[in-house]
Each structure stands twice: as C-alpha cells, then as structure tokens.
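> got a structure for you, letters missing:
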C-alpha cells in the first residue's frame, strides 16, 4: 500500500478543529453534544465522522469492485451478482438499515437486454454511388425497440443540429415533414457567435460555450422519434462530443439495456446510431455537398433541412433477454421525530460495461475511476455517518444505482418509482468518479448557478481553504450525463461535484491535462484500472466536503433547504410538486 494514501491523509483534507470553531454555530454544537454528554470539549458529532474517512478503505473498495473477478460489473452478469452482494454486505456491516421499506437493501429494476448482430450491413446509395461503411470502424447502430428485427430503408436528410427551441426562436426543421426519413444531425448545440465578439459564442443562445440539453445525443434521438423519423445518425466530432470515437464504439457495440416498458419501446426510433466524421464527409461529398459549409450554415437561425439524395438501408438483428437488475439502498434514520421522514440522498452508480470489445489484449472494462471510485466513496460516507453519536435530523439514504452507463436507467427508475417521496427529498449528492491524484485548492461544481447549493458548497469549501469553480469544460454537458440529472428533472435540488483542477504541488494546467489524458486513453476502456501513482488524499478531501454538505442539509430547518434559482429549468417542477404536496396534506 502506498503510504501516501493511508489512514493519516484525512487531516490534510480538512482542518477539523477549525471547522468546529468557525463553520458550525456554537449553540448548534453544544446542543448536539448535550444529547449525549453535555457541552464539553469532546469532539463534535461531525468530527468523528470526518476523522474516520480513510484513503486506504476507499482504495480497497475500488480494488475489489474493479477486479477481474467482478468482470466489469455489467448489469445482468455474474459481476452484478458479486457487486450487489458486496454492497449489501458492506451496508449491513456498518449497521445501516435496509433502505427498501420491504425490509431489504434492494430495489428491483426490470431491464431489457438487446444485443445487435455485429454483422449488420449499412448501405448508402445515391448519385450513382453506393457506400458500404464498416460497423464499429465507420458507424455504430442499434435499436432500443424490444424486437427481433428492426429496419430502415429511407431517404436521408440533413437537419443541422436537430433542435427545436421555441424559447430561442430556433427551429432546424422549418416545418419540413421528416416522417419516414433518416435524419443526419450534428452533435452538441449550435455554436452561435456573439454579435459583440464574433470570436466568442453568444451566451444568450444555447448557453454560449456550455452545453444545454439540446446538445445531448439523447435529445437528438428523442426529437427524431417525436417527429416520426425512420432513423437518426449523429455525426461524431471528438472536440464537440467530449470523447473520442473509441468511446462511441465501445459504448454502443455490445449488449445495451433499457427499462422494460409496456409498449416494448415501440415509441423509440427504429434505428439509432453514430457516423464518424470521416464517413460523414464522404457521404456529403457523394451527394455533391460540403459538410463544412453546411455545418457553418447550421449555426444560424436561417438554416433549412437539406435532402441528401441518398437512401440509407439497414437491418438490425437482435438477441433479446429480460433481466432483473438492482439498485442497492441503505438508510440511516434521522433523529428528529418531525424531520426524519424527509431525506438527503447520496448516489453513485455501481455498474460499468462488463466484458466488451478487446483493447490491447483486455476485454474487461474494469471501471476503476468510473465508477468504482464513486461507489467506494458512497460506502465510505455511509460508514462515516454511522460514526456520529447522534444521527442528523433528517434521514440519510445511500443509493447505489444500476445501468448508469446505459442511459442513467437505475436512477431514472428510482426517480419514477421512488421508495421515499421526492417532494420530501431535500437534495441528491451524486458521485461519479473521484479524485485519485491528490489534494486540490479548488472544487469543480457542475451546474453551478442553478440553485442555492452554490452558496452552501462555497461555505463548506472555505472551511477547507478551497474555492468552488464552475465547470472548466462546460461544452461537454456533464450536468446531463450522470444520475443526479434524473432527480433534477423531478425537481430535486442536485449537487454534482467534480474533482478540482488546481492541484497542490503541481504546475498550472496539470489538472486539466490529467483530465484530458484520462478521457483520451482510459475513459470507457479496459485500461480504467488502479494506477500505482494514485494519491487518495484528494478523494478523502472531497469525501469530507460531500459529507459536510449532506450533513448540513440534513440538519437544516425547512426554510433553509436548497432551492432552484430563478431561470433554472427545474424550478417550476419543484414548486409544482411542493404545491401539490401541500394541497394533499390539507
């Protein structure tokens, strides 16, 4: 074991004595201590938990979860069984209650597994030419319809970014009927130049440099299905997507899952897929068109759909299975009789890609950072909360969800079938990849500016002599890419932290370079493994902050709970839910 990641690292993460003096009001600390022994010089309740957080234990959990034995933790695999059992055993050993009101630690999540035949043949015919691109090398395609066979044979039409945003007076379709057509779309949002400074993006349109939900691949497919298209292909660009083609290929070439639905997903597109940028350029040239010119045109409100004069034909043969996957949930009941039926949730996804395409001789997608590390932090936080002399006023839920890598399915299922009312859920704190490179002077908060969590997190960070920074890569749309998003869509305030980038003892820019290297070389690849140079002091530092954010919310009065700020797309949903709950209680 590297001594740099040992038990002693917690003191570098946060000054416990300073927290006791300045972060909590003295009356609060005394009142809490009086519950057990009177207001004395003994450590405050949060101190015991903070001091217990351990880099060694975090690393040991990661070692187990990312091992060859656990096989990449694919849903419905032997690795799921081992993972789910490990999580239950750990929660039980900590003395936490089963989180499901039925007396178990499990919430069953019904999933449909769909494996497309990799021998599929795509033909693109028109203008006297026929292109026959290669699966995985040039394109990936699939269907989420739960059927043995799904096909398309239709004309292709380029629809720019595929966006309809009436609030921005933006419509890439201009009334053109695309029913029965195969749509070709660009990834991300339209990059609209700022009229005041054409070298920058207009912050008033699609968030400027930051990705909105209109830029997410999920939106592109949803909009195409809504308009009755026969299929939709997204043109991949590494800089705009935020990840290389390898990630696309590895993520969509094997078995895919979706939630079981009564209509067997027949409302979804017959065919969904991606094209490499090289293939797209060849396709457009064969149609006598210039992709670069059309891409520039698509960044304007005046853009109109462009038929390609090319017919796309593809049949996908599927192997199907229905499985019962599982979310794993534990509970620490709150100490306040009036507030124990309201909740703080910590979430992390336990799944990865299991066994997949071979890369440099390895087919196990270990997922050490993504997301064995977040799952390890969830376990360590759960254990730390049990070190408290008295639980917080509100109850704490520790939710490890399945099938995040398949489209946030486990968290979506919980959000649509909550075990505890979401209207009484004060916050979701989500952990998707921990800092394994040492302590930082900062913390990145994904989605900053959208809720009053900004002020709370900044306050806690100051107690660690840290600053909170906005996402340094807003164009990658991280807020829409992890499990907190499903809670936010239901109105629950969500804290989605990310590692800082200003590393202590490292030169400027080192943190962003580490991020770039991980994305390029290890993200969604078998090489996401434990490294000998990992320094878990940063994971401990961040875990302490996540603990304190949740602890403070769990002890807050109702009027001090986080709320969405004006302008947030989630504010109206939350306020409506609270009004309905208030009316139902009368």
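Yep, it's here. This one's a predicted model, so the numbers in the text were calculated from it and none came from an experiment. Residues are numbered from 1 along each chain as shown.
> residue nearest the centroid of this protein?
residue 482 (1.0 Å; CA atoms, centre = their mean).
> now do the SS call for that one.
coil (DSSP: H, G, I helix; E, B strand; the rest coil).
> that one touches residue 408, doesn't it?
Yes. Applying CB atoms under 8 Å, one finds residue 482 in contact with residue 408, separated by 7.1 Å. Quick note: C-beta positions are derived from backbone N, CA and C, even for glycine.
> ok, back up a step: show the contacting residues for the residue nearest to the centre of the chain.
Contacts for residue 482 (CB atoms under 8 Å, 6 or more residues apart in numbering) come out as 349, 404, 408, 430, 432, 496.
> from residue 85, how far off is the fourth one?
Computed as CB to CB, to the nearest Å, the residue 430 to residue 85 distance reads 23 Å.
> more neighbours: these two, which one.
residue 430 (29 against 11; other CB atoms under 10 Å).
> which residue comes closest to the more buried one once chain neighbours are left out?
residue 484 (3.7 Å; CB to CB, 6 or more residues apart in numbering).
> can you pull the contacts of the one you found?
347, 411, 428-430, 494-496.
> okay, buried residues for the strand ranked longest in the chain please.
For the chain, the strand with the greatest residue count under DSSP state E is strand 306-332. Of all the residues in strand 306-332, those buried under the rule 16 or more other CB atoms under 10 Å are 306, 308, 310-312, 314, 316, 318, 323, 325-332.
> and stretch 70-90, by the same measure?
70-77, 79-80, 82-84, 86-88, 90.
> one more: stretch 216-234?
216-217, 219-225, 227, 229-234.
> for the nearest residue to residue 71 once chain neighbours are set aside, give me its contacts.
Distances taken as CB to CB, 6+ apart put residue 79 closest to residue 71, at 3.8 Å, once the chain neighbours are dropped. The contact partners of residue 79, by CB under 8 Å, 6+ apart, come to 70-73, 354.
> just checking, what packs against the helix or strand that comes right after the longest strand of the chain?
As assigned by DSSP states H and E, the chain's next helix or strand after strand 306-332 is strand 343-349. On a contact count with 3 or more CB pairs under 8 Å, 6 or more residues apart in numbering; DSSP states H and E, strand 343-349 meets helix 374-385, strand 395-401, helix 409-416, strand 425-430, helix 484-489, helix 537-554.
> can you list the ones you listed in a markdown table and add distance to residue 160?
Shown next, in a markdown table, are the helices and strands packed on strand 343-349 (distance: least, CB to CB, whole Å):
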| stretch | distance to residue 160 |
| --- | --- |
| helix 374-385 | 36 |
| strand 395-401 | 34 |
| helix 409-416 | 28 |
| strand 425-430 | 32 |
| helix 484-489 | 25 |
| helix 537-554 | 39 |
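> these: which one's closest to residue 477?
helix 484-489 (10.0 Å; CB to CB).
> tell me the mean pLDDT over that closest one?
Helix 484-489 carries an average pLDDT of 96.
> stretch 398-406 now?
97.
> endpoint to endpoint, it covers what distance?
21 Å (CA to CA, to the nearest Å).
> for that stretch, which positions count as buried?
Quick answer for stretch 398-406 (16+ other CB under 10 Å): 398-406.
> which one of those residues is nearest residue 367?
residue 405 (8.2 Å).
> next up, the contacts around that closest one.
If you count contacts by CB under 8 Å, 6+ apart, then residue 405 has 251, 349, 351-353, 524 around it.
> who wins for most neighbours among the residues you listed?
residue 349 (30 neighbours).
> and the pLDDT at residue 568?
88.
> need the nearest residue in space to it, chain neighbours excluded.
residue 450 is the one closest to residue 568 (CB to CB, 6+ apart), at 4.5 Å.
> okay, now the one you found: neighbour count?
20.
> phi, psi for it please.
Per-residue torsions, residue 450: phi -100, psi -20 (degrees, to the nearest 10).
> gap between the two ends of stretch 395-412?
Span of stretch 395-412 from end to end, CA to CA: 21 Å.
> can you check stretch 426-435 too?
OK, stretch 426-435 end separation, CA to CA: 26 Å.
> okay, buried residues for it please.
426-435.
> list the strands paired with the helix or strand harbouring residue 156, with their directions.
Element membership of residue 156, judged by DSSP H and E, is strand 149-158. Strand 149-158 pairs in its sheet with strand 182-186 (parallel), strand 306-332 (antiparallel), by DSSP bridges.
> next structured bit after it?
strand 164-165.
> packing partners of that next one?
strand 170-171.
> ok, residues contacting the strand it packs on?
By CB under 8 Å, 6+ apart, strand 170-171 touches 163-165, 190, 205, 301.
> now do the helices in the stretch 101-250 of the chain.
217-226, 238-241, 245-252 (DSSP state H, counting those that start in this stretch).
> now mean pLDDT too, for the ones you listed, in TSV please.
Output for these, formatted as TSV (pLDDT from 0 to 100):
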stretch	mean pLDDT
helix 217-226	96
helix 238-241	87
helix 245-252	90
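> with distance to residue 469 added, can I get those helices in TSV?
What follows is the helices of the stretch 101-250 of the chain, written out as TSV (distance: least, CB to CB, whole Å):
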stretch	distance to residue 469
helix 217-226	27
helix 238-241	22
helix 245-252	25
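> which of those sits closest to residue 136?
Nearest of those (CB to CB): helix 245-252, 5.0 Å.
> list the buried residues in that closest one.
Result for helix 245-252 [16+ other CB under 10 Å]: buried residues 245-252.
> for stretch 457-470, same thing?
Neighbour-count burial for stretch 457-470 [16+ other CB under 10 Å]: 457, 460-461, 463-464, 466, 468-469.
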